[in-house]
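# What follows is a predicted structure for the sequence shown.
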Amino acid sequence: MTPRTSQANRKTAREDFAMQAWEPTLDEMLAEPVVQLMMTVDGVDPADVVTLLRQARDRLDSDGHIR
């Protein structure tokens, strides 16, 4: 296998993985025990995180730019 072929195969594998990648929802992330533990230790209220992220989302236009 030539280096060029090897690079092409790696790129294809990365693209295939990216297409199959699953991203958890905010609720799923906040439900994770390790995340809950870190928030507790840091004194962070999950409701405050949700509020902050909703406010940030509301400041974005449809292209993802800050209004």
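That came through fine.
# tell me the secondary structure for the spatially most central residue of the chain?
Ranked by distance to the mean C-alpha position of the chain (C-alpha atoms, centre = their mean), the top residue is E23 at 6.1 Å. On the three-state scheme (DSSP: H, G, I helix; E, B strand; the rest coil), E23 is labelled coil.
# pLDDT score for it?
Predicted confidence (pLDDT) at E23: the value is 87.
# same deal with the one 5 residues further on?
We have a pLDDT of 93 for E28.
# Can you tell me the element it falls in?
Element membership of E28, judged by DSSP states H and E, is helix 26-31.
# Counting by contacts, list what that helix packs against.
Helices and strands touching helix 26-31, by 3 or more C-beta pairs under 8 Å, 6 or more residues apart in numbering; DSSP states H and E, are helix 33-42, helix 46-58. All C-beta atoms are positioned from the backbone trio N, CA, C, and that covers glycine.
# Output the last one as CSV, nothing but the C-alphas.
Presented in CSV, the C-alpha positions along helix 46-58 are these (Å, rounded to 0.1, in the frame of the first residue of the first chain):
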residue,chain,number,x,y,z
PRO,A,46,-28.2,22.1,36.0
ALA,A,47,-31.1,24.5,35.4
ASP,A,48,-28.6,27.4,35.2
VAL,A,49,-26.7,25.5,32.6
VAL,A,50,-29.8,24.9,30.5
THR,A,51,-30.8,28.6,30.9
LEU,A,52,-27.4,29.8,29.8
LEU,A,53,-27.3,27.6,26.8
ARG,A,54,-30.8,28.6,25.7
GLN,A,55,-29.9,32.2,26.0
ALA,A,56,-26.8,31.6,23.9
ARG,A,57,-28.8,29.7,21.3
ASP,A,58,-31.4,32.5,21.2
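# now what about that helix, what contacts it?
For helix 46-58, contacts defined as C-beta atoms under 8 Å, 6 or more residues apart in numbering pick out 26, 30, 36, 39.
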